[in-house]
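**Q** Just a sequence and a predicted model for now, questions to come.
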Amino acid sequence: MLNRVNAPNDLSAFWMPFTSNRQFKQSPRMLVAAKDMYYTTADGRQVLDGTAGLWCVNAGHCRPKITEAIQHQAAELDYAPAFQMGHPIAFEFANRLVDMAPDGLDHVFFTNSGSESVETALKIALAYQRVKGQGSRTRLIGRERGYHGVNFGGISVGGIVGNRKMFGTLLTGVDHLPHTHLPAKNGFTKGVPEHGAELADELERIVTLHDASTIAAVIVEPVSGSTGVLIPPKTYLEKLRAICDKHGILLIFDEVITGFGRLGTPFAVDYFGVKPDIMITAKGVTNGVIPMGAVFVTSEIHDAFMSGPEHLIEFAHGYTYSGNPIACAAGLATLETYKEEGLLERGPELAPYWEEALHSLKGEPHVIDIRNIGLVGAIELEPIAGEPTKRAFSAFIKAFERGALIRTTGDIIALSPPLIISKVQIDELIDHVCAVLRAVD
Ligand SMILES: Cc1ncc(COP(=O)(O)O)c(C=O)c1O
């Protein structure tokens with residue numbers, strides 16, 4: 001095959017994202033092929049994918065329908081602008097997405113990533129308040145330990161110090177709710193934790209401080225993924241919704257990870273029964289195969305923009321690749337694959353098995369907490385004194401050497417396999433993690 005390089009001899013040009021570049025380039029971990037639940041490494045080993053790539057390959061790797069759809073679309077209509085022009089597949093995909101989305105989220109804005117979806121959602125929220133005549137509502141409220149991608153809006157409302165501290169003053173007018181991670185009270189909880197709903201009341205404190213008339217929106221991940229799988233306490237999201245409603249504040253759910261089946265339901269909205277005004281997605285929308293994101297909004301928000309002279313652009317925002325035809329083709333084939341195989345509703349079948357398997361690691365060396373929901377789980381390790389993240393990183397390396405891809409964030413191992421995983425493969429993954437826990441210092 002043209003341009004096929006399985007073992008490059010110079011790794012210096014590619015400045016790798018979110019990577020310890022020097023460590024990687026001394027001992028590279030190269031993936032050269034993938035099929036269903038496994039990657040193939042450059043040295044020909046099979047590695048079980050315990051993280052769906054980066055929380056995105058929900059239907060497993062190199063699924064034929066998706067591959068064929070991309071090939072076909074690339075040959076038929078490779079690119080078409082979406083500014084003042086249209087092409088049918090983008091409308092088709094938007095319709096299918098809205099059909100499967102929670103009721104009331106009836107319009108979709110296309111982007112190319114989770115980070116772009118976040119920026120889009122924040123801009124929609126601010127602009128919506130303005131078109132409604134509430135232009136004083138300019139503040140955005142995020143949450144500590146929230147991850148909303150890496151662009152300026154996202155890191156401003158996000159709550160991960162390492163992602164924020166290097167980049168100046170960020171957006172102004174942002175405040176943060178406290179995170180909901182309470183290991184002393186909720187340690188080793190199976191599923192949704194009991195304690196901490198009162199942390200939602202902190203929003204009332206923030207409203208009292210700034211006044212509701214200055215606040216446009218609150219943005220949270222229903223379940224925080226990237227900071228180590230932080231599951232909202234019982235009734236926490238309901239409380240946030242109620243406080244937002246009381247004060248006319250928009251509620252944005254960032255479902256970049258939780259969307260498309262991760263919790264065993266199509267969206268976290270379906271799992272928790274709490275509906276936001278704006279729902280952010282990406283990753284699983286195309287099975288991670290082609291970059292894409294989709295921001296869902298209510299008709300109330302969408303329709304508020306549809307006024308004024310008809311020749312004018314209603315919302316000055318969009319990307320060259322919004323609704324890219326090949327991404328839409330990948331997305332349609334992804335939704336078909338999810339549907340044919342019932343992948344977005346595998347929770348009842350798999351989640352109890354997953355939960356038991358994960359919690360069987362209680363008592364293994366270094367484990368200080370285990371948490372799970374749907375098909376996602378976290379194993380929190382005691383950090384090595386004075387060397388945070390080192391233990392988890394060596395667990396990651398050892399797991400890869402043994403034949404499993406896991407993800408670590410801080411000293412937390414996060415697992416989120418493709419939704420096609422079998423019970424035998426769950427056992428295989430947990431066996432790898434168990435062996436690694438026993439092997440690391
Ligand atoms: C909740 C959440 N929002 C946004 C993003 C950013 O997505 P992307 O990396 O596609 O920009 C991520 C990525 O992991 C995420 O988990």
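**A** Thanks, I have it.
**Q** C-alpha from now on. contacts and neighbour counts both.
**A** Will do.
**Q** who's in contact with the most centrally placed residue in the chain?
**A** The chain has I257 as the residue nearest its centroid, 2.4 Å off, counting by CA atoms, centre = their mean. Residues near I257 by CA atoms under 8 Å, 6 or more residues apart in numbering: 55-56, 225, 281-284.
**Q** Adding neighbour count, secondary structure and distance to the ligand, write those residues out as a markdown table.
**A** Formatted as a markdown table, the contacts of I257 follow (neighbours: other CA atoms under 10 Å; DSSP: H, G, I helix; E, B strand; the rest coil; distance: CA to the nearest ligand atom, whole Å):
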| residue | neighbour count | secondary structure | distance to the ligand |
| --- | --- | --- | --- |
| W55 | 25 | helix | 7 |
| C56 | 26 | coil | 9 |
| G225 | 25 | coil | 6 |
| T281 | 29 | strand | 8 |
| A282 | 30 | coil | 6 |
| K283 | 28 | helix | 6 |
| G284 | 29 | helix | 10 |
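**Q** how much space between the residue nearest to the centre of the chain and G159?
**A** Counting by CA to CA, to the nearest Å, the separation of I257 from G159 is 17 Å.
**Q** Equivalent analysis for C328, please.
**A** Where G159 is concerned, C328 sits at a distance of 32 Å (CA to CA).
**Q** So for the two, which residue has more residues nearby?
**A** Between C328 and G159, counted using other CA atoms under 10 Å, C328 has the larger neighbour count: 27 against 23.
**Q** Got the phi and psi for the more buried one?
**A** Main-chain torsions, C328, degrees, to the nearest 10: phi -60, psi -40.
**Q** cool, the one 4 residues further on as well?
**A** Listed backbone geometry of L332 is phi -60, psi -40, with angles given as degrees, to the nearest 10.
**Q** dump the residue contacts of it.
**A** 93, 96, 286.
**Q** Now which of those would you call buried?
**A** Those of the contacts of L332 that meet the buried threshold are 93, 286, by 16 or more other CA atoms under 10 Å.
**Q** As a quick check, tell me the outermost residue of this protein.
**A** Distance-from-mean max, the chain, by CA atoms, centre = their mean: P309 at 37.4 Å.
**Q** Low-confidence ranges, the chain, go.
**A** 1-4, 6-7 (pLDDT under 70).
**Q** Return the residues of it in contact with the ligand.
**A** For the chain, the contact set with the ligand under CA under 6 Å from any ligand atom comprises 113-115, 147-149, 221, 225-226, 254-257.
**Q** Closest one to R241 out of these, please.
**A** Distance to R241 across the residues of the chain next to the ligand (CA to CA) is lowest for E221, with 13.2 Å.
**Q** Spatially nearest residue to that closest one, not counting backbone neighbours?
**A** Counting by CA to CA, 6 or more residues apart in numbering, E221 lies nearest to D254, which is 4.6 Å off, once chain neighbours are set aside.
**Q** Report how many residues lie close to the one you found.
**A** If we define neighbours as other CA under 10 Å, then D254 has 29 of them.
**Q** That one and V220 touch, don't they?
**A** Yes. With contact defined as CA atoms under 8 Å, D254 counts as touching V220 (6.0 Å).
**Q** the strands in the stretch 101-250 of the chain, which residues?
**A** In the stretch 101-250 of the chain, the segments counted as strands under DSSP state E, counting those that start in this stretch are 105-111, 139-143, 174-177, 215-220, 250-254.
**Q** Quickly run through the sheet partners of the third one, with directions.
**A** Take DSSP bridges as the rule and strand 174-177 pairs in its sheet with strand 139-143 (parallel).
**Q** picking up where we left off before, report the secondary structure state of the residue farthest from the centre of the chain.
**A** coil (DSSP: H, G, I helix; E, B strand; the rest coil).
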